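In: Dropping the sequence and predicted coords here.
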Amino acid sequence: MDVTMLNEISDEVKKYNARLLPVIKGRETEEISRVYNEGFREFGENRLEELLGHKSNFKDCHFHFIAPLQSRKIPEILENSKSVHTVSRLKEVEKIDLLYKNHEIFVQINIDNDPKKSGINLNDVQKFFEKFENYSFFPNGIMCIPDINSDPRESFKNMNDINQKLLDNYKQYNGELSMGMSSDYKIALDYGATIIRVGSKIFR
């Protein structure tokens with residue numbers, strides 16, 4: 001684990017009033033402990049089984065679930081996570097609505113309209129958000145994972161534009177932007193990211 005890199009990224013993120021979310025998928029307790037000892041108390045996790053183990057070891061931490069959702073696992077994910085970044089189907093919204101307790105909820109946008117990826121297609125974003133008028137909670141923000149072959153500047157600019165439209169249309173919307181990973185987080189910050197999800201650049 002690269003403590004120097006962790007703190008360099010953290011300092012840079014703070015200049016943008018954003019949050020650094022260390023992604024701990026596949027990491028050993030000892031590695032996570034080094035990040036914990038630098039003062040971090042929020043982590044991103046892709047696997048429910050690993051999340052449960054990490055939560056038992058780091059009881060005062062908050063966990064963000066950042067992988068595609070399986071409906072049957074949603075109750076356990078919500079019980080053990082502060083945030084869910086990957087909501088993209090109404091049946092997920094319906095399950096969350098039954099169990100919601102002030103979680104941070106992000107709607108995943110398929111920013112490149114890639115048929116192989118999860119998320120709401122660009123043309124359906126406004127229609128999807130309209131549905132939340134029928135539920136007891138409203139999303140805190142939106143999230144994306146750009147295609148590796150796409151221009152991240154274009155993807156993140158589009159996300160920023162979508163986010164601004166949602167802010168204009170919904171007073172209850174907070175406008176959080178979860179975007180940017182190890183290879184492109186600097187670009188994401190320039191386009192308004194409020195949470196960046198970084199794993200490999202820290203744990204190298």
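Out: That came through fine. Numbering: from 1, shown residues only.
In: contacting residues for residue 66?
Out: Residue 66 is in contact with 21, 23, 44-46, 85-86, 143, 178, 197, counting by Cβ atoms under 8 Å, 6 or more residues apart in numbering. From N, CA and C alone the C-beta is placed, and that goes for glycine too.
In: any idea how far residue 194 is from the spatially most central residue of the chain?
Out: Residue closest to the mean C-alpha point of the chain, counted by Cα atoms, centre = their mean, is residue 85 at 3.9 Å. As defined by Cβ to Cβ, to the nearest Å, residue 85 lies at a distance of 12 Å from residue 194.
In: Likewise for residue 104?
Out: Residue 104 sits 11 Å away from residue 194, going by Cβ to Cβ.
In: go on, residue 53?
Out: Taken as Cβ to Cβ, the span from residue 53 to residue 194 is 28 Å.
In: With neighbour numbers in mind, choose between the two.
Out: Taking other Cβ atoms under 10 Å, residue 53 and residue 194 do not tie; residue 194 has more neighbours (21 against 13).
In: That one is in contact with residue 163, isn't it?
Out: No. Here residue 194 lies out of contact with residue 163, judged by Cβ atoms under 8 Å, at a distance of 9.4 Å.
In: who touches both of these two?
Out: With Cβ under 8 Å, 6+ apart, residue 194 and residue 163 have common neighbours 141, 175, 177.
In: Out of those, give me the one that has the most neighbours.
Out: Within those, most neighbours by other Cβ under 10 Å means residue 177, with 24 neighbours.
In: just to revisit the earlier point, now for residue 104 and residue 194: what residues contact both?
Out: By Cβ under 8 Å, 6+ apart, residue 104 and residue 194 have these common neighbours: 141, 176.
In: Show me which residues of the lengthiest helix in the chain are buried.
Out: Ranked by number of residues, the top helix in the chain under DSSP state H is helix 152-169. Buried residues in helix 152-169, counted by 16 or more other Cβ atoms under 10 Å: 152, 155-160, 162-163, 166.
In: starting at the chain centroid, how far to whichever helix or strand comes after it?
Out: The helix or strand immediately downstream of helix 152-169 is strand 176-178, counting by DSSP states H and E. Between the centre of strand 176-178 and the centre of its chain there are 7 Å (Cα atoms, centre = their mean, to the nearest Å).
In: Following element in sequence after strand 176-178, please.
Out: helix 185-190.
In: Send me the next helix or strand after that next one as CSV with only the CA atoms.
Out: Remark: after helix 185-190, the chain's next helix or strand is strand 195-198, criterion DSSP H and E. Only the C-alpha atoms of strand 195-198 are listed here, as CSV (Å, rounded to 0.1, in the frame of the first residue of the first chain):
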residue,chain,number,x,y,z
ILE,A,195,-16.6,11.3,-4.9
ILE,A,196,-13.8,9.5,-6.6
ARG,A,197,-13.3,5.8,-6.3
VAL,A,198,-9.6,4.8,-6.2
